[in-house]
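In: No letters, just coordinates:
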């Protein structure tokens, strides 16, 4: 494979946290009589990178009340993380197989505190030489800055880097940074628009097999043309 480094998104790719974050936001908004549906969550968080609080501002909710709701949401998210299963299927064995062959990094929009809490339980950070969390760059995905920062920190040529994402905003960030991007959709993002992906794969195991194959994902999983067709359907 023509890659030296693999840059992984975190939530929805490595750890199964996105559903818990959706639940925490849904509960926070429900206190204001706002029903957060899955489709709205995907649009706000995983496409537009906006967040839930725009829905409250549109109803005239004061910023102080929004700040309190955000703090409550964060506490609830931490509770859910402490009780749930965290690793995505196939990640533990897959990372062990990839770690000896590629330089691995995490590039995430997660804040440092929940990121640390998740990975204290997940037990996979030792595979990565770099983990960029939200406080280490100014502009979040879909801006390319997080991936540009990671490439610079690793000192690897951009054409030798592969991004693994599960969301449209992450895909846009990777492509804006000029990087190859393979998408492994999560339960929340399956069915989203991934026409610009270089490959669209079913799960983490498929990703590992594609990286181990001399021909890559084309012909074995989904090549770029099939990704485009699937996204358009």
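Out: Perfect, I can see it now. Predicted model, so just to flag it, every value in this text is computed and none were measured. Numbers count the residues shown, from 1 in each chain.
In: Give me the helix or strand of this structure that scores worst on average pLDDT.
Out: One helix or strand of the chain scores below all others by mean pLDDT, DSSP states H and E: helix 224-232, with a mean of 46.
In: domains for this structure, by residue range?
Out: 5-16+87-232, 18-83 (automatic domain parsing).
In: which of the ones you listed sits most buried?
Out: Highest mean neighbour count of these: domain 5-16+87-232, a mean of 19 (counted as mean count of other Cβ atoms under 10 Å). Every C-beta, even on glycine, is put in place using the N, C-alpha and C of the backbone.
In: Could you give the separation of that one from the chain centroid?
Out: The chain centroid and the centroid of domain 5-16+87-232 are separated by 7 Å under Cα atoms, centre = their mean, to the nearest Å.
In: Same question for stretch 40-59.
Out: Stretch 40-59 has its C-alpha centroid displaced from the chain centroid by 17 Å (Cα atoms, centre = their mean).
In: for that stretch, what is the average pLDDT?
Out: Stretch 40-59 shows a mean pLDDT of 86.
In: other SSEs contacting whatever helix or strand residue 56 lives in?
Out: Residue 56 belongs to helix 53-57 when assigned by DSSP states H and E. The contact analysis (3 or more Cβ pairs under 8 Å, 6 or more residues apart in numbering; DSSP states H and E) places helix 53-57 against helix 63-83.
In: For the residue lying closest to residue 157 once chain neighbours are set aside, grab the count of nearby residues.
Out: Nearest residue to residue 157 in three dimensions, chain neighbours excluded: residue 4, at 7.8 Å (Cβ to Cβ, 6 or more residues apart in numbering). Counted with other Cβ atoms under 10 Å, the neighbours of residue 4 add up to 15.
In: which residues touch residue 4?
Out: The contact partners of residue 4, taken as Cβ atoms under 8 Å, 6 or more residues apart in numbering, are 102-103, 156-157, 160-161.
In: Serialize those to a markdown table and add fields for distance to residue 69.
Out: Output for the contacts of residue 4, formatted as a markdown table (distance: Cβ to Cβ, whole Å):
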| residue | distance to residue 69 |
| --- | --- |
| 102 | 41 |
| 103 | 40 |
| 156 | 41 |
| 157 | 44 |
| 160 | 43 |
| 161 | 38 |
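In: Determine which two of those residues are furthest apart.
Out: Using Cβ to Cβ, the pair of the contacts of residue 4 lying farthest apart is 102 and 157, separated by 14.0 Å.
In: that older thread, which of the contacts of residue 4 lies closest to residue 209?
Out: Residue 209 has its nearest neighbour among the contacts of residue 4 in residue 102, at 14.4 Å by Cβ to Cβ.
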